[in-house]
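Trainee: can you look at this prediction? I've put the sequence above it.
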Amino acid sequence: MFVTVTITLLKISIGAGSPESNARGVATARRRSENGQDVANDIVSRAALARGFVICHARLVPTMRRLNQLSGPLLLLALLAPIYSQQPTFWRDPSPHTIQFVAVDKDVRLEVLDWGGSGRPLVLLAGGGNTAHVFDEFAPKLTANYHVYGITRRGFGASEFSASDNPVDRLRDDVLAVLGALKLERPVLVGNSIAGAELSAVASSHSDRVAGLIYLEAGYPYAFDNGKGPKMKEFQTAGPRLPNPSQSDLASFSSLQKWDAEVFGFPRPEAELRQTWDADSSRRPRKARNFPGAQAFAAIMTSDRMYTRIPVPALVIFALPHVPESWIDKSTDPTTREAARIYYAGIDAATERQAKALEEGVPTARVIRLRGTHYIFLSNEPDVLRDMHAFLAGLK
């Protein structure tokens, strides 16, 4: 049964040349004040999150770093400075979206980005450790045919947080609450990585609320498991340790973005890095943030719940084979290169078995394999856009 919650909206427009409202910073500051301190998780490693095959026995240091932008009236900035001094004063997110905060639970409001557009609504859900800003450059390419939204999961970025005894259902209900608040009629949900669990949870319990699902490197056992494919533990292996940025790489967020692109092989939006990295008083990035929302990932990865079917039309795109990160290709260390070869061979073998299990178990699903990275919508943007348009065009 869907639980009705009281919904309130706060909408913030970002016009060309106009500063963003401070409301977003207020929401984040309030969440941090209520939580008291960052939550450390000894579950997910930075490297595992970056590759999307979550659990290693290391402290959580999310690499999908994101920006909480802050600009607006000087008086409010002065009042916020003591609690939000790490945010740039003059930087402006160039992505053409507005921002809303949607109440989904007591004392929890989620950041929702709206890129506009006309046609069927698409709702983008980010992968583990990311915010909706990871779609800042991808989403506008869809607005000619669709109205595009993005949700930042609770406990990440500007979205507020409270713990739940049942994280999987809670995240599902958060998505449903946003759909209801925005009055979206049968949208298509698009998710990257662990967001596949949320897609399957929504469709399994409320198939009438969505017209279709698009899994972008998100069709792993947390999203579909009929007992005939691999188990999640086969993906929970550690690859070569990611390098750390140098001091010169941390001179600014633009230099951090350049380093990030050199490491992974494609650029992520600067807004996303600003959301996921703490900055010092000089507004330079210092370290990746730990977010309280990450504690839900352990429950998702170890849950006994199995989604044995996908009851709505689905497009499932796998990165197969997975392309190693650029820094590995450039490495001259034979130990690193051999470790990467073993890691990706194991991941690809398990991924192929998962793709076949999905094809056989859900014959109505369109399963596509693309040579790419876990951020398939960034590394293979033209291919993903083509396949999404073809799938969406066939929906009723």
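Mentor: Sure thing, it's come through.
Trainee: can you pull up the bridge partners for D278?
Mentor: K287 (DSSP bridges).
Trainee: K287: how many residues sit nearby?
Mentor: 14 (other C-beta atoms under 10 Å). Where C-beta positions appear, they are placed from N, C-alpha and C, glycine not excepted.
Trainee: so for it, what's the pLDDT?
Mentor: pLDDT recorded at K287 is 94.
Trainee: does it really touch A279, like I thought?
Mentor: No - judged on C-beta atoms under 8 Å, K287 makes no contact with A279 at a distance of 9.4 Å.
Trainee: can you name the element that comes right after the strand or helix carrying V148?
Mentor: In this assignment (DSSP states H and E), V148 forms part of strand 147-151. Using DSSP H and E, the helix or strand that follows strand 147-151 in sequence is helix 167-181.
Trainee: any idea how far that next one is from the chain center?
Mentor: 15 Å (C-alpha atoms, centre = their mean, to the nearest Å).
Trainee: ok, back up a step: any chance you could list what contacts the strand holding V148?
Mentor: 97, 110-126, 132-133, 135, 139-140, 142, 174-175, 178, 182, 184, 187 (C-beta atoms under 8 Å, 6 or more residues apart in numbering).
Trainee: how about the nearest residue to V178, chain neighbours excluded?
Mentor: The shortest distance from V178 to any non-neighbouring residue, by C-beta to C-beta, 6 or more residues apart in numbering, is to V102 (5.1 Å).
Trainee: in the sheet, who's paired with that neighbour?
Mentor: Applying DSSP bridges to V102, the residues it is bridged with are L9, L110.
Trainee: any low-confidence regions in the stretch 1-150 of the chain?
Mentor: 1-89 (pLDDT under 70).
Trainee: same thing but 50
Mentor: Along the stretch 1-150 of the chain, segments meeting pLDDT under 50 span 1-49, 54-88.
Trainee: hmm, back to that, I'd say the residue nearest to V178 and L182 touch.
Mentor: Yes - taking C-beta under 8 Å as the definition, V102 is a contact partner of L182 at 7.4 Å.
Trainee: give me the buried subset of the contacts of strand 147-151.
Mentor: Buried by 16 or more other C-beta atoms under 10 Å: 97, 110-115, 117, 120-126, 132-133, 135, 139-140, 142, 174-175, 178, 182, 184, 187, out of those.
Trainee: inside helices: which ones of those?
Mentor: Mapping the buried ones among the contacts of strand 147-151 onto helices (DSSP state H) picks out D174, V175, V178.
Trainee: now the phi/psi pair for S281, please.
Mentor: Dihedral pair for S281: phi -70, psi -20, per degrees, to the nearest 10.
Trainee: hmm, I typed the wrong one, I wanted A201.
Mentor: Per-residue torsions, A201: phi -70, psi -40 (degrees, to the nearest 10).
Trainee: tell me how far L176 lies from R170.
Mentor: Per C-beta to C-beta, to the nearest Å, L176 is found 11 Å from R170.
Trainee: wait, W327
Mentor: Distance from W327 to R170, by C-beta to C-beta: 36 Å.
Trainee: show me what the lengthiest helix in the chain is packed against.
Mentor: Determined from DSSP H, the single longest helix within the chain is helix 334-361. When contacts are defined as 3 or more C-beta pairs under 8 Å, 6 or more residues apart in numbering; DSSP states H and E, helix 334-361 sits against strand 314-322, helix 326-330, strand 366-372.
Trainee: buried sites along it?
Mentor: Buried-residue list, helix 334-361, by 16+ other C-beta under 10 Å: 336, 339-340, 343-344, 347, 350-352, 354-355, 357-358, 361.
Trainee: let me know the angle separating it from strand 366-372.
Mentor: 170 degrees (axes from the mean of the first three to the mean of the last three C-alpha atoms, to 10 degrees).
Trainee: now do helix 334-361: distance to the chain's middle.
Mentor: With C-alpha atoms, centre = their mean, you get 22 Å for helix 334-361.
Trainee: alpha carbons of the strand or helix carrying I99, in CSV - could you do that?
Mentor: According to DSSP H and E, I99 maps onto strand 98-105. The C-alpha trace of strand 98-105 is given here as CSV (Å, rounded to 0.1, in the frame of the first residue of the first chain):
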residue,chain,number,x,y,z
THR,A,98,15.7,24.7,-11.9
ILE,A,99,15.8,23.2,-8.4
GLN,A,100,13.0,22.1,-6.1
PHE,A,101,13.0,20.6,-2.7
VAL,A,102,10.3,17.9,-2.2
ALA,A,103,9.2,16.7,1.3
VAL,A,104,9.1,12.9,1.2
ASP,A,105,9.3,12.1,4.9
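Trainee: now that strand: buried residues?
Mentor: Neighbour-count burial for strand 98-105 [16+ other C-beta under 10 Å]: T98, I99, Q100, F101, V102, A103, V104, D105.
Trainee: check whether the first one really touches L113, as I assumed.
Mentor: Pointing back at T98 there. Yes - using C-beta under 8 Å, T98 makes contact with L113 at a distance of 7.4 Å.
Trainee: what's the closest non-adjacent residue to the residue most central in space within the chain?
Mentor: Centroid-nearest residue in the chain, with C-alpha atoms, centre = their mean: A126, separated by 2.0 Å. The shortest distance from A126 to any non-neighbouring residue, by C-beta to C-beta, 6+ apart, is to V134 (5.2 Å).
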